[in-house]
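In: The following block contains a protein sequence and its predicted model.
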Amino acid sequence: MSESRSHRLRRYATYASVSVSLTLILAKLAAYLATDSVSILSSLIDSSTDMMASVVTLLGVRTALRPPDEAHRFGHGKAEALAALAQAAFIGGSALFLTIEAVRRLITPQPVGEGAVGIAVMLLSILLTAGLITFQRHVVTATGSVAVGADRLHYSGDLLMNAAVILAILLTGWTGISAFDPLFGLGIAAFLLYGARKVAREALNVLMDRELPAEERERIAALVMAQPDVAGMHDLRTRSSGVGAFIELHLELDPSLSVARAHDITDRVENRLKDAFPGAEVLIHQEPAGLQDDRLDHRIADGQGAPGQGAPGQGVEGSAG
């Protein structure tokens with residue numbers, strides 16, 4: 001996929017997210033005023049945080065897609081992770097508010113009215129949310145966007161939440177027990193907190209330059225070592241930029257090679273990695289094979305008390321032959 005198409009898909013995903021959340025806020029506000037249901041209030045709060053989170057995502061994606069400049073030569077990709085972290089804060093705050101309201105309703109029960117209106121609005125919410133998630137899944141698969149992925153995660157939770165609201169209204173109407181409504185509200189608050197924790201962890205992984213998964217590091221090493229005339233590699237470092245990946249490594253080559261020949265081999269390795277990881281920035285340092293120098297792999301191994309061995313999923317060191 002071309003870079004321009006990838007950027008266009010990210011923008012469309014943010015526009016769709018903001019439009020859907022605004023529609024749901026208006027519909028749920030009307031339903032809450034008609035029913036006075038805590039479950040619908042919880043869903044309204046969630047849609048409101050979705051709206052704020054979607055706006056933050058829109059701004060974050062727009063910033064992340066700006067090209068590198070003199071002050072940001074690595075690009076602006078981490079803006080997506082910052083947007084995702086803000087989403088986690090919104091979701092966590094709304095869960096806390098919902099918990100307080102649900103406990104208040106348990107202590108002071110209130111009836112739920114106009115249940116049919118509430119159910120109709122929640123069915124509309126399920127329909128719109130399912131369509132949005134389908135589109136977001138396509139965008140995440142095509143672009144790997146962290147922010148759109150975080151947005152899709154909490155909208156996926158909304159499907160379950162909307163179904164729970166419908167069940168709470170039905171149970172309250174059938175049994176006359178008003179406690180069902182706030183109890184479902186508490187359950188939804190717990191679900192929101194779980195989702196916020198997951199979103200925050202993924203965003204922090206990007207912001208803290210966490211290494212790519214072990215299987216991707218092993219794939220990089222395999223691709224490099226499969227190239228002809230490569231004698232070895234070490235000190236592989238990887239990280240996600242939010243919109244792509246950075247790959248750095250030391251490439252070991254025959255010391256007798258000319259500079260031009262070594263450059264050609266390095267170019268071939270770099271292009272192979274870029275083909276396998278579209279959008280990745282690849283930086284390769286050339287070294288003569290057999291050189292004994294200070295290495296990151298060794299320092300990491302020494303720091304963990306396992307001399308001569310890389311930490312699992314961290315140190316990747318290879319040699320030909």
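Out: Sure, I can see it.

In: Does L296 touch E211 like I think?
Out: No. The pair formed by L296 and E211 falls short of the contact definition of Cβ atoms under 8 Å, at 11.7 Å. In short, each C-beta sits where N, CA and C put it, glycine included.

In: list residues touching both of these two?
Out: Residues touching both L296 and E211 (Cβ atoms under 8 Å, 6 or more residues apart in numbering) are R237.

In: in the stretch 1-150 of the chain, which spans are helices?
Out: In the stretch 1-150 of the chain, the helices defined using DSSP state H, counting those that start in this stretch lie at 3-35, 38-64, 78-107, 115-143, 146-175.

In: Now these in CSV, please, with extra columns for mean neighbour count.
Out: Output for those, formatted as CSV (neighbours: other Cβ atoms under 10 Å):
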stretch, mean neighbour count
helix 3-35, 18
helix 38-64, 25
helix 78-107, 20
helix 115-143, 18
helix 146-175, 22
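
In: nearest to I300, of those helices?
Out: I300 lies closest to helix 78-107 among these, at 23.6 Å (Cβ to Cβ).

In: who touches V38 in this structure?
Out: E101, A102, R105, D181, P182, F184, G185.

In: likewise P67?
Out: P67 touches G75, counting by Cβ under 8 Å, 6+ apart.

In: Phi and psi next, for it.
Out: Dihedral angles of P67 (phi, psi; degrees, to the nearest 10) stand at phi -70, psi 160.

In: repeat for Q286
Out: phi -90, psi 140.

In: hang on, the earlier thing: just put the helices of the stretch 1-150 of the chain in TSV and tack on distance to R272.
Out: Shown next, in TSV, are those (distance: least, Cβ to Cβ, whole Å):
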stretch	distance to R272
helix 3-35	19
helix 38-64	26
helix 78-107	27
helix 115-143	22
helix 146-175	25
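
In: Next, format the ones you listed as a markdown table and append mean pLDDT.
Out: Listed next are those as a markdown table, based on pLDDT from 0 to 100:
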| stretch | mean pLDDT |
| --- | --- |
| helix 3-35 | 82 |
| helix 38-64 | 77 |
| helix 78-107 | 79 |
| helix 115-143 | 84 |
| helix 146-175 | 74 |
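
In: Ok, which of those helices comes nearest H285?
Out: Closest of the helices of the stretch 1-150 of the chain to H285 is helix 78-107, at 23.9 Å (criterion: Cβ to Cβ).

In: quick one: that closest one to helix 146-175, angle?
Out: Put simply, helix 78-107 runs at 10 degrees to helix 146-175, going by axes from the mean of the first three to the mean of the last three Cα atoms, to 10 degrees.

In: Mind giving me the packing neighbours of helix 78-107?
Out: In terms of contacts (3 or more Cβ pairs under 8 Å, 6 or more residues apart in numbering; DSSP states H and E), helix 78-107 is packed against helix 38-64, helix 146-175, helix 180-207.

In: Give me the angle between the longest one and helix 38-64.
Out: An angle of 170 degrees separates the directions of helix 146-175 and helix 38-64 when computed by the same axes, to 10 degrees.

In: if we can go back for a sec, which stretch among the helices of the stretch 1-150 of the chain comes nearest A203?
Out: helix 78-107 (3.9 Å).

In: quick revisit: relative to R268, which of the helices of the stretch 1-150 of the chain is closest?
Out: helix 3-35 (22.3 Å).

In: I figured E202 was touching A84, is that so?
Out: Yes. Using Cβ under 8 Å, E202 makes contact with A84 at a distance of 6.6 Å.

In: Can you show me the helices along the stretch 201-321 of the chain?
Out: Taking DSSP H, counting those that start in this stretch as the test, the helices found in the stretch 201-321 of the chain are 214-225, 259-276, 296-303.

In: Throw those helices into a markdown table and include mean neighbour count, thanks.
Out: Listed next are the helices of the stretch 201-321 of the chain as a markdown table, based on neighbours: other Cβ under 10 Å:
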| stretch | mean neighbour count |
| --- | --- |
| helix 214-225 | 16 |
| helix 259-276 | 14 |
| helix 296-303 | 15 |
